[in-house]
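Novice: Quick one, what's the 3D model for this:
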Amino acid sequence: MERWGEKRYHSLDYALRSQFGEKVYKIALNGGMTCPNRDGTIGDRGCIFCSPMGSGDYAGSSADSISAQLKRGKSDLSTKRPIHSYIAYFQAFTNTYGSISHLEKIYLEAVSDPEVKVLSIATRPDCLGPEVLALLSKIRKIKPVWIELGLQTIHEKTAKEIRRGYPLSIFEQAVQNLHARQIPVIVHTILYLPGETPEMILQTIDYLNHCPIQGIKLQLLHVLKGTDLAIQYQQHPFHIPEQDEYIRMVGSCLSHLRPDIVIHRVTGDGPSDLMIAPLWSQKKRTVLNELHAYLKSQDIWQGKEYSNL
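Specialist: Sure, this is the predicted structure:
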């Protein structure tokens, strides 16, 4: 069995400590973006699960400069401990969807901070054109750049129902383009999307094992107020897993995942004032403790059932 410090999976904390020699903290930033799935280019209502803040509910205010957001984030994080290393995480909406001049300005402002060790950019695979790729290649010569792509699922029927707005082929091309430029890719997946079975979830995991990706987020589906998913849930309730079921599913995902893929998330922490379901997910520390206990009791580790055939 492989071990990554005290954990049975290749955690982000372990990877960062290995690379930088200390714990690195993430500051969520707001670059003042929108999304082609909201502004009418592809759609005008976004993905059905996406919050009104473009899934950037913990990000700073777009009214503030990037430097000001970083300063505030550092202040909030460092109240209990001295911290010297940060990830600048452009989180809200689609963070390569803007003019090249604006993108270059905010990216450079972030990486110019000496305490920022990594620039992480959440975006869509259909918003990575040649000019954006060239800019990312330029920035990565200054500091490491990660691209986070919201795939959620490989199943086209589900993708249409959640209004993802692009086919799997677009994702595949984006990953290949980023890989060719040595830019690490972190893929967002959502577990228990409406209509998806455990077998379908594992098909997404197995597919990603054969992609040149470096990280993954296993995100629990949150039903949040102000989303079309919430309307759907209230009108036609779909299956929401209990904590034990979710933990078993995460264990299965980890067991099937390639051991070199870094695990950036195994649950989620949606805003408590917006959360409709599942309410048990609000106790994030409890969920993580139960997951770690389950992995130990069942002797599960990342890659246990992985096969590269």
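
Novice: Phi and psi next, for the residue lying farthest from the centre of the chain.
Specialist: Distance from the C-alpha centroid of the chain, by Cα atoms, centre = their mean, peaks at residue 235 (28.4 Å). Main-chain dihedrals, residue 235, degrees, to the nearest 10: phi -80, psi -40.

Novice: Identify each buried residue in stretch 269-289, please.
Specialist: 269-270, 274-278, 280-281, 287 (16 or more other Cβ atoms under 10 Å). (Each C-beta comes from the backbone N, C-alpha and C, glycine too.)

Novice: ok, so of these, who is nearest residue 166?
Specialist: residue 270 (24.0 Å; Cβ to Cβ).

Novice: List the contacts of the closest one.
Specialist: 51, 57, 222, 224, 281 (Cβ atoms under 8 Å, 6 or more residues apart in numbering).

Novice: Quick one: the residues you listed as CSV, columns for distance to residue 38, secondary structure and pLDDT too.
Specialist: As requested, those are exported to CSV (distance: Cβ to Cβ, whole Å; DSSP: H, G, I helix; E, B strand; the rest coil; pLDDT from 0 to 100):
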residue, distance to residue 38, secondary structure, pLDDT
51, 12, coil, 71
57, 16, coil, 54
222, 19, coil, 95
224, 16, strand, 94
281, 25, helix, 95
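
Novice: Tally up the residues packed near the residue lying closest to residue 239 once chain neighbours are set aside, please.
Specialist: Closest residue in space to residue 239, ignoring its immediate chain neighbours: residue 192 at 6.9 Å, by Cβ to Cβ, 6 or more residues apart in numbering. For residue 192, the tally of surrounding residues (other Cβ atoms under 10 Å) stands at 20.

Novice: doesn't residue 219 make contact with residue 192?
Specialist: No: the criterion here is Cβ atoms under 8 Å, and residue 192 misses it with residue 219 at 9.8 Å.

Novice: Kindly export stretch 160-170 (C-alpha atoms) in PDB.
Specialist: Output of stretch 160-170 as PDB, limited to C-alpha atoms (Å, rounded to 0.1, in the frame of the first residue of the first chain):
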ATOM      1  CA  LYS A 160     -27.100  18.100 -21.300                       C
ATOM      2  CA  GLU A 161     -29.400  17.900 -18.300                       C
ATOM      3  CA  ILE A 162     -27.100  20.000 -16.200                       C
ATOM      4  CA  ARG A 163     -26.600  22.500 -19.100                       C
ATOM      5  CA  ARG A 164     -22.800  22.100 -19.100                       C
ATOM      6  CA  GLY A 165     -22.800  23.500 -22.600                       C
ATOM      7  CA  TYR A 166     -20.000  21.600 -24.300                       C
ATOM      8  CA  PRO A 167     -19.300  18.000 -25.600                       C
ATOM      9  CA  LEU A 168     -16.700  15.700 -24.200                       C
ATOM     10  CA  SER A 169     -14.500  16.200 -27.300                       C
ATOM     11  CA  ILE A 170     -14.000  19.900 -26.300                       C
END
